[in-house]
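Visitor: How does the following fold in three dimensions:
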Amino acid sequence: MKTVSNTTPIISLSAIGKIEILQDVFHEIIISQAVYEEIKAKKEFGYHSVDLDFIKVQSIQTKNHELLLSDRLDLGEAETIILAKEITADNVIIDESLGYTVAKDYNLNVIRTLSILLKAKEENIISEVKPLIEEMISKGRWYSKRVYYSFLEKAGEI
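Guide: Residues are numbered from 1 along each chain as shown. A predicted model of the protein is given here:
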């Protein structure tokens, strides 16, 4: 299964010490060069995670298309979508709403970090999502109250 990830999911899961969930669910994660450089730009959450064996860095081949996407998205999101299209990825992980929408417009199977946590719970990789979400929030991640409560309801934790 080919799964391409943007920056935020890696940072969010690294922040709570749960980056291995990506490996447990997808086995291998592919990131673009721009995503790698974005994460390596600061010695913060994710800095060491992107060098783990299950995360592979791959450069995009199509440069012209990048210009079209980068008008609407940051470079990491644009390269994530382009790379996912180029390698015919099974999944692309993007949390930001605009990136998610653009990826959907490109007919990609887009998932978000919360969906990964739900999948991990369904596969008995983790027992609860609520403590992980709360820890991500305490480390700077933001979710609206509507998203927070509807997700916990979906996970059967309300």
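Visitor: where do the helices sit along this protein?
Guide: Applying DSSP state H to the chain gives helices spanning 7-15, 20-26, 33-40, 64-70, 75-86, 97-105, 113-122, 130-138, 145-154.
Visitor: rank those by pLDDT, which is bottom?
Guide: Lowest mean pLDDT within the helices of the chain: helix 64-70, a mean of 62.
Visitor: Where do the domain boundaries of this protein fall?
Guide: What automatic domain parsing lists as the domains of the chain is 3-113, 115-154.
Visitor: hang on, the earlier thing: tabulate the helices of the chain (CSV), appending distance to His48 and mean neighbour count.
Guide: Where C-beta positions appear, they are placed from N, C-alpha and C, glycine not excepted. Below are those laid out as CSV (distance: least, Cβ to Cβ, whole Å; neighbours: other Cβ atoms under 10 Å):
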stretch, distance to His48, mean neighbour count
helix 7-15, 8, 24
helix 20-26, 13, 19
helix 33-40, 10, 20
helix 64-70, 27, 14
helix 75-86, 18, 24
helix 97-105, 24, 17
helix 113-122, 19, 20
helix 130-138, 18, 16
helix 145-154, 28, 13
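Visitor: Distance to Met1 for the ones you listed - can I get that in TSV?
Guide: Formatted as TSV, these follow (distance: least, Cβ to Cβ, whole Å):
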stretch	distance to Met1
helix 7-15	16
helix 20-26	6
helix 33-40	19
helix 64-70	24
helix 75-86	13
helix 97-105	17
helix 113-122	12
helix 130-138	22
helix 145-154	23
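Visitor: Tell me which of these approaches Tyr47 most closely.
Guide: Evaluated over the helices of the chain, closeness to Tyr47 peaks at helix 33-40, with 6.4 Å, by Cβ to Cβ.
Visitor: Just the CA atoms of the closest one, as CSV, please.
Guide: Taking C-alpha atoms only, helix 33-40 is exported to CSV below (Å, rounded to 0.1, in the frame of the first residue of the first chain):
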residue,chain,number,x,y,z
GLN,A,33,11.4,16.5,-0.5
ALA,A,34,9.5,19.7,0.4
VAL,A,35,7.8,17.9,3.4
TYR,A,36,11.2,16.5,4.6
GLU,A,37,12.7,20.0,4.4
GLU,A,38,9.8,21.6,6.1
ILE,A,39,10.1,19.3,9.1
LYS,A,40,13.9,19.5,9.2
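Visitor: for it, packing partners?
Guide: Where contact means 3 or more Cβ pairs under 8 Å, 6 or more residues apart in numbering; DSSP states H and E, helix 33-40 is packed against helix 7-15, strand 55-58, helix 75-86.
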